[in-house]
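Chemist: Structural data only, the sequence is not supplied:
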């Protein structure tokens with residue numbers, strides 16, 4: 001069990017730091033903290049992406065495919081690290097079974113593309129597109145089919161009569177347009193191949209995830225200190241805004257000159273924090289805005305979801321401001337036990353559904369079954385919720401180096417409170433290991449203000 005003192009020591013700060021950095025209403029200037037692990041690199045290197053493309057190409061070769069069309073943003077970021085801004089504009093990557101990838105992109109991204117490692121690309125002016133390609137178009141005209149344009153680009157490169165993959169289940173319309181353009185080729189769904197690659201993390205991906213999770217820990221410590229310092233003077237909204245600023249300033253201070261506005265620097269970063277107090281904690285997925293003043297007797301959830309270079313995970317803590325009644329104490333303890341046990345159950349070779357059942361059984365055995373609303377966890381990846389799922393209907397067998405959330409919550413709407421921790425769990429051979437360092441203890445989570 002990680003204690004509060006061990007937690008602050010691991011962050012490289014003194015045990016009282018969280019209280020000292022908390023800002024009150026009369027001290028609005030939030031300063032950066034110091035997280036020892038926040039050191040370069042803050043994204044995966046180009047060499048990693050090149051190696052990942054080669055791993056994918058080996059799979060394509062084994063399947064007898066001449067190449068694959070990659071249309072999903074997550075898959076394109078995973079293979080190339082481009083992190084282009086996505087809108088309704090179609091964007092395709094083609095990965096041949098051998099050789100370098102080829103991109104087919106909207107024209108507003110042409111400078112971004114030219115400065116990245118995938119050097120061969122074509123572009124269209126904008127969407128819906130009319131006219132010529134690889135140049136600015138000035139005359140209106142009929143709409144072009146950009147999927148067919150991309151296919152014609154493959155044909156002129158010698159892929160027009162091959163067995164090709166695509167990272168989605170082809171619709172009847174897509175298959176028709178494919179046959180019309182490349183009648184001698186075939187199209188095959190390879191989405192599962194890429195998803196499995198993304199599910200099983202490499203050493204480099206895990207290291208980047210750990211940096212994000214260490215920042216989670218610092219932000220949760222800050223939020224706790226802010227609550228203890230300010231008590232009933234502030235709302236959950238104030239906790240959110242102060243903690244987001246603290247986390248942002250901490251990360252930006254660590255990144256230093258890397259945040260210079262240049263292309264491909266400081267990419268894949270998202271940093272969000274939420275705090276909800278009172279009855280809003282009783283809903284697994286509330287839809288209301290959070291603006292409740294903190295008060296004695298309330299449940300409070302502090303939570304962050306951070307990505308650095310596209311990688312990260314979850315960090316939540318279910319807290320409660322004293323006093324607590326007996327049912328609240330029991331529910332928190334049972335939920336805490338479920339969280340710890342779920343992590344332990346997540347070992348290589350275990351089945352998702354069986355882990356979910358074993359975790360939920362803890363609540364049922366303790367007489368807390370009426371407070372269960374959802375599965376214990378989901379896979380954790382670039383998209384946040386990633387397959388597989390620790391749900392009763394998922395028979396996927398866990399593989400070493402998968403990662404999962406860790407959130408078997410319990411919710412009492414009638415009482416107006418609920419508890420939902422979350423962590424990122426790394427699947428290992430003998431058990432799952434929680435990557436977060438924030439304590440899962442009464443000492444840390446039961447507050448007196």
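Modeler: Arrived safely. What you are looking at is a predicted structure, and each value in this text was computed from that prediction instead of being measured.
Chemist: Quick check: which element contains residue 304?
Modeler: strand 299-308 (DSSP states H and E).
Chemist: What's the first helix or strand after that strand?
Modeler: Using DSSP H and E, the helix or strand that directly follows strand 299-308 along the chain is strand 311-321.
Chemist: In the following helix or strand past that following strand, which residues are buried?
Modeler: Sequence order places helix 326-345 as the next helix or strand after strand 311-321, per DSSP H and E. Buried residues in helix 326-345, defined by neighbour count with 16 or more other C-beta atoms under 10 Å: 328, 331-332, 334-345. C-beta: built from backbone N, CA, C; applies to glycine.
Chemist: what about residue 335, distance to residue 188?
Modeler: For residue 335, the distance to residue 188 equals 44 Å [C-beta to C-beta, to the nearest Å].
Chemist: how about the buried residues of helix 326-345, which pair is most distant?
Modeler: 328 and 345 (25.8 Å; C-beta to C-beta).
Chemist: Show me the strands in the stretch 101-250 of the chain, by range?
Modeler: With DSSP state E, counting those that start in this stretch as the criterion, the stretch 101-250 of the chain has strands at 102-106, 120-124, 163-166, 186-189.
Chemist: which neighbours does the last one have in its sheet, and in what orientation?
Modeler: Think strand 186-189. strand 163-166 (parallel) (DSSP bridges).
Chemist: Same question for the first one.
Modeler: Sheet pairing of strand 102-106 (DSSP bridges) gives strand 92-96 (antiparallel), strand 120-124 (parallel).
Chemist: Can you say which of these is nearest to residue 237?
Modeler: Of all the strands paired with strand 102-106, strand 92-96 sits nearest to residue 237, with 40.7 Å by C-beta to C-beta.
Chemist: which is the next helix or strand following the helix or strand containing residue 387?
Modeler: Secondary structure assignment for residue 387, by DSSP H and E: strand 384-389. On the C-terminal side of strand 384-389, the nearest following helix or strand under DSSP H and E is strand 403-405.
Chemist: tell me what that next one is packed against?
Modeler: Here strand 403-405 touches strand 311-321, strand 378-381, strand 424-427, going by 3 or more C-beta pairs under 8 Å, 6 or more residues apart in numbering; DSSP states H and E.
Chemist: hmm, 10 Å instead?
Modeler: helix 203-230, strand 311-321, helix 326-345, strand 378-381, strand 384-389, strand 424-427 (3 or more C-beta pairs under 10 Å, 6 or more residues apart in numbering; DSSP states H and E).
Chemist: Okay, angle between the longest one and strand 299-308 too, please.
Modeler: Here helix 203-230 runs at 140 degrees with respect to strand 299-308, directions being taken by axes from the mean of the first three to the mean of the last three C-alpha atoms, to 10 degrees.
Chemist: domains of the protein?
Modeler: Domain assignment for the chain by automatic domain parsing gives 4-43+199-447, 64-189.
Chemist: ok, of these, where does mean pLDDT dip lowest?
Modeler: Sorting the domains of the chain by mean pLDDT places domain 4-43+199-447 lowest, at a mean of 92.
Chemist: now that one, how far from the centre of its chain.
Modeler: Distance of domain 4-43+199-447 from its chain centroid, counting by C-alpha atoms, centre = their mean, to the nearest Å, is 12 Å.
Chemist: what does stretch 171-179 give?
Modeler: Mean-position distance between stretch 171-179 and its chain equals 32 Å (C-alpha atoms, centre = their mean).
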